[in-house]
Every structure is written in C-alpha cells, then in structure tokens.
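# Sequence first, predicted model second:
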Amino acid sequence: MHGFSVMIRGSIRHWRKFHKSVTAFQSPEPEAPIEKLTIPPPSGTDSPVSPKIDKLATEIAHLNLIEVSELSSLLKKRLNLPDAPAFPAGGFVAAAAPVEEEEVEPQKVKTIFTVKLMKFDEKQKVALIKEVKNLLEGMNLVQAKKFVEGAPTVVKADIPKEEADKLKEVLEKVGATIEIE
C-alpha cells in the first residue's frame, strides 16, 4: 500500500507542474495596448500637443484669479516648490529720496563688449559664411551657414573693445551689419 501512495503523490506533483505550465501560456488579463511611436516634427515648427495637455491648458485658461491662486498654492505644495516672489523683494518703489550729501560716482567705463550680427547682404552671403567659419573656432560650413541665416545672433561676447572693433571691420567688409554692445 505504501508504494501506491508514493506513486499517487508523484502523479499529483506532475499534474500540478503540467497545470502551471499550461495556465502560464493562457493570459486571463488582456495586455495593455501598445502605443504607436510618433515621428517628431521638423525643427522650426510647433510640436503637436497631447490631448490631455491641451484639455488641461484650456481648463486653466478658463479659471478666474482666485482659482488660479488656489491652483498655484496647491501645485507648490504637491510639487514641493519654494515660495518665489513674483515681484522684486522691495516691490515697485517710488524714486528714492535724495541724499543730503551728493556723492559723485565715477562713471564706469565699459571694457567688455558683445558683437552681434544684425543682418547681411544676400549677395555676399557665401563670403560672410566663409569668414564666420574662419573667425569662430570649431565651426564647420554647415554650422556657419545656420549661424549667419539665424541673424540677429551674437558673434562673440565678453571681448575687449579692440577685438570687437576688428571683428566688426572684418565682417562689415563681407556685407554684414554689425552692432557692438
């Protein structure tokens, strides 16, 4: 009789393993639908907004000032954001009262300048692109073309007056309109 019970227990174990393996292939829960990949829009165009974000923006736009204030404080609380003032610490202050002793402050002489490409002559565009490529280190022709076509752009920033004047002179020779700030 002992041999029979051992044989039954072994059969039951095999049956359970078989049952588990069969039920593993059956999926009682439907799988979540796979989202389709979207192709990003080309640069320079507005990217499409998801319907969820669009709905939220529309609802927020229809809130009154009190509701906006409540929403703002709730978001600050939930997102653990610091309380940043919307205006300067002193707010809008009227002109300060004149001091009895007038201290003459020396005028600060500007020593650092920024050179901006404001616009360019279309006829001399190729020459300007080549000059920009030569002047700005690490820039290839494609980058120089995009840089020039993106005018107004900063050519160089935080440079001394002499260098800014030389840069302006060189770029104006090839049809650029330059502004030094």
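Ah, there it is.

# could you dump the host helix or strand of K130 to CSV, C-alpha only?
K130 is part of helix 125-135, with elements assigned from DSSP states H and E. Coordinates of each C-alpha in helix 125-135 appear next as CSV, following Å, rounded to 0.1, in the frame of the first residue of the first chain:
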residue,chain,number,x,y,z
LYS,A,125,26.2,85.6,-48.1
VAL,A,126,28.8,83.0,-49.2
ALA,A,127,31.7,85.2,-48.4
LEU,A,128,30.2,86.0,-45.0
ILE,A,129,29.7,82.3,-44.2
LYS,A,130,33.3,81.6,-45.0
GLU,A,131,34.6,84.5,-42.9
VAL,A,132,32.4,83.4,-39.9
LYS,A,133,33.8,79.9,-40.3
ASN,A,134,37.3,81.2,-40.2
LEU,A,135,36.7,83.6,-37.3
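
# Show me what the following helix or strand past that helix packs onto, helices and strands only.
Toward the C-terminus, helix 125-135 is succeeded by helix 141-149 as the next helix or strand (DSSP H and E). Contact here means 3 or more CB pairs under 8 Å, 6 or more residues apart in numbering; DSSP states H and E; on that basis helix 141-149 packs against strand 113-120, helix 125-135. Using the backbone N, CA and C atoms, a C-beta is placed for each residue, glycine as well.
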